[in-house]
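Undergrad: got a sequence here, can you build the structure:
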Amino acid sequence: MIIYIHGDLICHGVPSKNIWDEYNKSFKNDIEKFSFRNKEKKGWNKYQVLIETKTEKRYIDHEKDEFMNKFLSDKYLRESCYNCKFKKKHRISDITFADFWGINNIAPEMNDEKGTSLIFINSLKGKEIFESIKANLIYKKVDFKEAIKYNPSMIKSSKK
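TA: Model (predicted):
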């Protein structure tokens, strides 16, 4: 049986391809893997950028990487990210996924330093899917307003 589900992500924004291409040039166009929020070495709150090329694997603290700094400060986003039409509470997807920013303030017992996911159920189909898998999850129901308090990208575009 195949079940189709429509999901979306709470998105901070998408870096400009031109900016990415310039950054990649600084690595001789050799980047094979780029992890924005790698938590292997320092965990979720002190995540690093992981850059893998054909010849090296480099971890850089996120605040020391120019690309990541400019991305997080909304300077490297695509023009459409500053007025995103998908930023709203009521979504057409069945389920919305996000990083659970603010977990320490809302449900600190759920923070394992590996990153906690936030799931919004938007439809009956989404609820049915969640009900069918929840026995395999560690989860806690939280208030919607509390959840988006630390996740403004759900409803607000990035500022230019």
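Undergrad: next, work out how far apart the residue nearest the centre of the chain and Asn83 are.
TA: For the chain, the residue nearest the mean C-alpha position is Asp99 (5.1 Å; CA atoms, centre = their mean). Distance, Asp99 to Asn83, using CB to CB, to the nearest Å: 23 Å. From N, CA and C alone the C-beta is placed, and that goes for glycine too.
Undergrad: what's across from the residue nearest to the centre of the chain in the sheet?
TA: Ser117 (DSSP bridges).
Undergrad: quick one: the strands in this protein?
TA: 7-9, 33-38, 48-52, 57-61, 95-99, 117-121 (DSSP state E).
Undergrad: I'd like to know which elements the longest one is packed against.
TA: It stands for strand 33-38. Counting contacts by 3 or more CB pairs under 8 Å, 6 or more residues apart in numbering; DSSP states H and E, strand 33-38 packs against strand 48-52.
Undergrad: what residues sit buried inside the strand it packs on?
TA: Gln48, Val49, Leu50, Ile51 (16 or more other CB atoms under 10 Å).
Undergrad: repeat for stretch 52-70
TA: Buried residues in stretch 52-70 (16+ other CB under 10 Å): Thr53, Tyr59, His62, Asp65, Phe67, Met68.
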